[in-house]
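Engineer: Structure for the following, please:
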Amino acid sequence: MHDDRTLTERRLARVLDQRLRPAVHVRSLPLEVSVHHLSGEPVPVSEGIAGPYEPISTGEYWGPAWSTSWFRIRGGVPVDWAGERVEAVLDLGFGATQPGFSAEGLVYRADGTPVKALNPRNTWLLIAERAEGGEEFEFYIEAAANPLIFDFDAAGDPFVPTRAGDVASWLRAGGGAESAGEPLYRLTRTDLAVFDETVWELVQDLDVLSGLMHQLPEDATRRSQIRHTVSAALDAIDLQDIKGTAGQARTLLAPALSAPAYAGAHRISAVGHAHIDTAWLWPVRETVRKAARTVSNVTALMDDHPDFRFVMSQAQQLAWLKEQRPEVYARVLQKVATGQFLPTGSLWVEPDTNLSGGESLVRQFVHGKRFYLEEFGVETRDMWLPDTFGYNAALPQLMKLAGIDWFLTQKISWNTTNAFPHHTFWWEGIDGSRVFSHFPPVDSYNGDLSGADIGHTERNFRDKGAANRSLVPFGYGDGGGGPTREMLARADRLANLEGSAKVEMEGPVDFFTKAHAEYPDAPVWVGELYLELHRGTLTSQLATKQGNRRSEHLLREAELWSATAALRTGEPYPYSALDRIWKTVLLHQFHDILPGSSIAWVHRETEQAHQEVARELNAVIDTAQRALAGPAEADGGGLVVFNAAPHGRDGVPALAAALRTAPLRTAPVRAGQDGSLVLDNGLVRITVDARGLITSAYDLTAGREALAPGSAGNLLQLHQDFPNQWDAWDVDAFYRNTVQDLTQADEVTAHGDTIEIVWSVNQSRIRQQLTLREGARRLDIDITVDWREREKILKAAFPFDIRASDSTSEIPFGHVRRPTHSNTSWDAARFEICAHRFLHIEEPGWGVALVNDSTYGHDVTRDVRPDGGTTTTARLSLLRAPLFPDPEADQGEHRLRYGLVIGADIGDAVREGYRFNLAERTVAGSTAVAPLAEVDHNGVVIEAVKLADDRSGDVIVRLYESLGGRATTTLRAGFPVMAATTTDLLERPVEDRPDLPVTAGGVPLVLRPFQILTVRLTPRA
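Structural biologist: Got it, this is the predicted structure:
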């Protein structure tokens, strides 16, 4: 037989795209269309529908950036279309881009009930299932003119700087194709059309067979059989009478579509999904509308497809629908009841899990799971987090404590160096907790069930033989959209098809239950899931990260002091305010907000939200502390010092307050040799030379120099930072190839107890203040930067005279160790790492720590000197300046702080990290305050003290072992305790654990390494 493979396959592609798909709506008439243009923010549905309207014709432009236009479409079904399925075909000017990144629309009836959404892959609207002929209709479209900021389908570089993401500056700019007020979209098609169901079904038949054929080996018998069958079907189609010949073509294709899959075929659980970024290339307000559009689409599909299952994974988005789009939310409730709409994921939003603090992650689970329980009666059992930029090693324990059995992501498939070895596995955290986990081998959270998707899934699955199941989330996402009817048609045809994996529509619970039963002894991955990409998100948009860090610690203080005041003075506990503020903070931990990868509009609103959070929480703290401190002394001289840190300091116990009469002192600056300046408090001595560099950081008690010979600490280094793609996201390894060291300060001066150093580089100016408290081993460095760099990264380097095989970084509820060498490709890929409040480096018996108030990105390297000693260099990543998606990212004034702790073990690092982020507060008063809860083990940290969310008056104490060892301690309450109970994160009793014993001395506890324990204390009446 002659080889006609290419000829037939190319013929199929052309006939399908150029003849058959257009023939689905071949009979059409224009609709009557009018428009109501709005500037500014979206308006309520009723107001938008009300108009006024004016005529608009196909071909006319509409929609300046970020504006909304309401279209009204009217028409009547021709009498001779009786019995036909009639649809409107509505192309608002979408172009060929992916749904969710340009114009979008939501169709409403005249009474304001939503129908379905419109986007580039979903342009149809049902008018009549079986028309009677003559019926008239009217619909309204809320159309969003969102600018195309990132084009996935662009032929060139999609990472082109644009001011379209900052509506304020863009509107001010004027001029050019993107000037203020100039419409972006051209109304392309608004027709009433007959939907030819037979032709549409033929299109789906050929689409599936084409996709399968291209995934089979070229010499496979099944591929040749399909090609032969398709060729016969194409011969049967009269291109001048497609409607009349489509049925015969389908009959010829039927045998190829009915051949069953072999018994051992890979099994795919397909579940509808629409990843909706809570903010990214659009502001939060637009996400509310994206959620409404997507939910309207999928609930409409559920009406016609009872087996269709769809997951939605962010409780915040459903809460928005409940509050702002109740008509859409009503449809959610209906479909949850039928089992088609599946709340999943267990989180308030899909947060960044590198940068969010431990207690924040707890509250993500608490508020997410509680919303699903209260609204739907659903106890979610999975953590669905497909698009976050790495996963910290505390998460398995947090999941178990939240009642979560399963974890899903696919983001690690984006690794650029190492392929992850498993798709189904047990993930083990730092405490030993294990969670059954799955990475969909489709390598996407936006699947479409195409032949390419199904073929890649089966070929890519790395657990073949031992396991045979995987999950495919399908539907357009990032900007929402969700599944289409074409995707559901693929699922139907792929349920049991020879040559393909078997596709079954089912939700995550069904999948994980079957996968676990099939593969209970899956391999184990221990430790963090480090994403070998997007390392720049540890540093981009400093102000957003600072606001989050400050908010997390203010919430700790507000809960602690409010609970203490409630029990000690009867001060009302601000339940509602704290609940609302927590949700605000959690929202802005979304994985494109906190990492700094959103447009300027998003980050401007985030910074404003954090400022308001700080104002409210400071007021809450002040109210509680004033109630606790009591009246001021008659002479006004009494001061009560509050310490919210989990360790005592300067005579003030942990989580308590004490009277203080003498102020704390700092070491004075004295002149050294050769023009140097010296800070010396008898414990450590710091020497700064005339260049402004630290040339000595000496441990006086150990008799040891911290810095490597001939080196300088606190060395500011500027690198060119222009990654190959993903500007705000990525720092590529080659940035290290060029560096500018700042080695000569403009000014080095002494001001009492402070050394002040001023640097200039290009157009930027940096001012540093160095201080050393009496009795402290920590040098504090306060830095103010007027940052005017572009595509640069600023680091602060400390070369230590330490031979360290690894460094220790704080993560939520513990720490992880990472190699300082690059022996393996896995080690080398970790050239930028995340640490929260501290980074610790040591050799046996002696170490140092770097602490910070808002820095997450770090790197640690080591080298052997000619003298045989080892220099281990730790650097903090202070600032970046990417141009996409926000061309003004990080520009302007910043203030941040970091500190060097000399002669520090891991316990010192933990303690100083908390102290550095939880400053003492001083209030006029006369009463010391005993702690509401305390422990007697230095390694056990009390992370949260609050009143129970159920408003029972019980006290919740969350604590953890921080050093990585076992700990025996006693939890003592500062009030009479009637009962003590171990709870899950939602403050519910743990079924398999009895009540804790309460003795005269307190509640005895034994913790394993890094164990988190939540204890509910019931006060005695």
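Engineer: Please make it C-alpha for all contacts and neighbour counts, starting now.
Structural biologist: Fine.
Engineer: For Glu218, the count of nearby residues, please.
Structural biologist: 12 (other Cα atoms under 10 Å).
Engineer: Just the element for it, please.
Structural biologist: According to DSSP states H and E, Glu218 maps onto no helix or strand at all.
Engineer: Excluding residues flanking it in the chain, which one is nearest Met302?
Structural biologist: Once flanking residues are discounted, Met302 sits nearest to Phe308: 6.0 Å by Cα to Cα, 6 or more residues apart in numbering.
Engineer: For the one you found, which residues are in contact?
Structural biologist: The contact partners of Phe308, taken as Cα atoms under 8 Å, 6 or more residues apart in numbering, are 271-272, 301-302, 340, 488, 505-506.
Engineer: Neighbour-wise, which one of these leads?
Structural biologist: Ranking those using other Cα under 10 Å puts Gly272 first, with 30 neighbours.
Engineer: if we can go back for a sec, possible to save the contacts of Phe308 as CSV with distance to Leu497, secondary structure and pLDDT?
Structural biologist: CSV is the format used below for those (distance: Cα to Cα, whole Å; DSSP: H, G, I helix; E, B strand; the rest coil; pLDDT from 0 to 100):
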residue, distance to Leu497, secondary structure, pLDDT
Val271, 18, strand, 98
Gly272, 20, strand, 98
Leu301, 24, helix, 97
Met302, 24, helix, 98
Gln340, 24, coil, 98
Leu488, 15, helix, 98
Met505, 15, strand, 98
Glu506, 18, coil, 97
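Engineer: Generate CSV for those, with distance to Val524 as supplementary columns.
Structural biologist: Listed next are those as CSV, based on distance: Cα to Cα, whole Å:
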residue, distance to Val524
Val271, 26
Gly272, 29
Leu301, 39
Met302, 38
Gln340, 33
Leu488, 35
Met505, 28
Glu506, 26
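Engineer: biggest separation within the residues you listed, which pair?
Structural biologist: Leu301 and Glu506 (15.4 Å; Cα to Cα).
Engineer: ok, so what distance separates the residue nearest to Met302 from Arg381?
Structural biologist: For Phe308, the distance to Arg381 equals 20 Å [Cα to Cα, to the nearest Å].
Engineer: Phe800 now?
Structural biologist: From Phe800 to Arg381 the distance is 46 Å (Cα to Cα).
Engineer: and what of Ala82?
Structural biologist: For Ala82, the distance to Arg381 equals 49 Å [Cα to Cα].
Engineer: So the two - more neighbours on which side?
Structural biologist: For Ala82 versus Arg381, neighbours defined as other Cα under 10 Å are more numerous around Arg381 (21 against 16).
Engineer: which residue packs closest to the more buried one, ignoring adjacent ones?
Structural biologist: In space, Arg381 is closest to Ile404, 4.4 Å off (Cα to Cα, 6+ apart).
Engineer: Could you check the pLDDT of Ser346?
Structural biologist: pLDDT for Ser346: 97.
Engineer: Assumed it was part of a helix.
Structural biologist: No - assessed by DSSP: H, G, I helix; E, B strand; the rest coil, Ser346 does not belong to a helix; its assignment is strand.
Engineer: Please verify my assumption that it contacts Arg363.
Structural biologist: No - taking contacts as Cα atoms under 8 Å, Ser346 lies outside contact range of Arg363: 10.6 Å.
Engineer: and the gap between Pro78 and Glu138?
Structural biologist: Relative to Glu138, Pro78 is positioned 15 Å away (Cα to Cα).
Engineer: Asp622 too?
Structural biologist: Asp622 is 57 Å from Glu138, by Cα to Cα.
Engineer: now do Pro520
Structural biologist: Using Cα to Cα, Pro520 is found at 56 Å from Glu138.
Engineer: swap in His591?
Structural biologist: 40 Å.
Engineer: Neighbour count: these two, which is higher?
Structural biologist: Comparing His591 with Glu138 by other Cα under 10 Å, the one with more neighbours is His591, at 28 against 15.
Engineer: Local confidence estimate at the more buried one?
Structural biologist: In this model, His591 carries a pLDDT of 98.
Engineer: Not counting sequence-adjacent ones, nearest residue to it?
Structural biologist: In space, His591 comes closest to Asp352 once its chain neighbours are excluded; the distance is 4.3 Å by Cα to Cα, 6+ apart.
Engineer: What segments of the stretch 301-450 of the chain are strands?
Structural biologist: 310-314, 341-347, 382-384, 406-408, 424-428, 434-438 (DSSP state E, counting those that start in this stretch).
Engineer: sorry, back to before: quick one: neighbours of the residue nearest to His591, just the number.
Structural biologist: Around Asp352 there are 25 residues (other Cα under 10 Å).
Engineer: got the contact list for it?
Structural biologist: Neighbours of Asp352 in contact, by Cα under 8 Å, 6+ apart: 388-390, 589-592, 594-595.
Engineer: Endpoints of stretch 309-321, how far apart?
Structural biologist: Start-to-end, stretch 309-321 (Cα to Cα) is 20 Å.
Engineer: Past the helix or strand harbouring Lys795, which element shows up next along the chain?
Structural biologist: Element membership for Lys795 (DSSP H and E) is strand 792-800. Note on strand 792-800: by DSSP H and E, the next helix or strand toward the C-terminus is strand 806-811.
Engineer: Let me see the mean pLDDT of that next one.
Structural biologist: On average, strand 806-811 scores 98.
Engineer: Now tell me which helix or strand of the chain has the poorest mean pLDDT.
Structural biologist: Confidence across the helices and strands of the chain bottoms out at helix 167-173, with a mean of 60, counting by mean pLDDT, DSSP states H and E.
Engineer: Starting from the helix or strand just after it, tell me which strands it pairs with and how they run.
Structural biologist: Of the helices and strands lying after helix 167-173 in sequence (DSSP H and E), the nearest is strand 185-186. In the sheet, strand 185-186 lines up against strand 61-62 (antiparallel) (DSSP bridges).
Engineer: Now do the strand it pairs with: everything it contacts.
Structural biologist: Residues outside strand 61-62 that contact it (Cα under 8 Å, 6+ apart): 69, 183-187.
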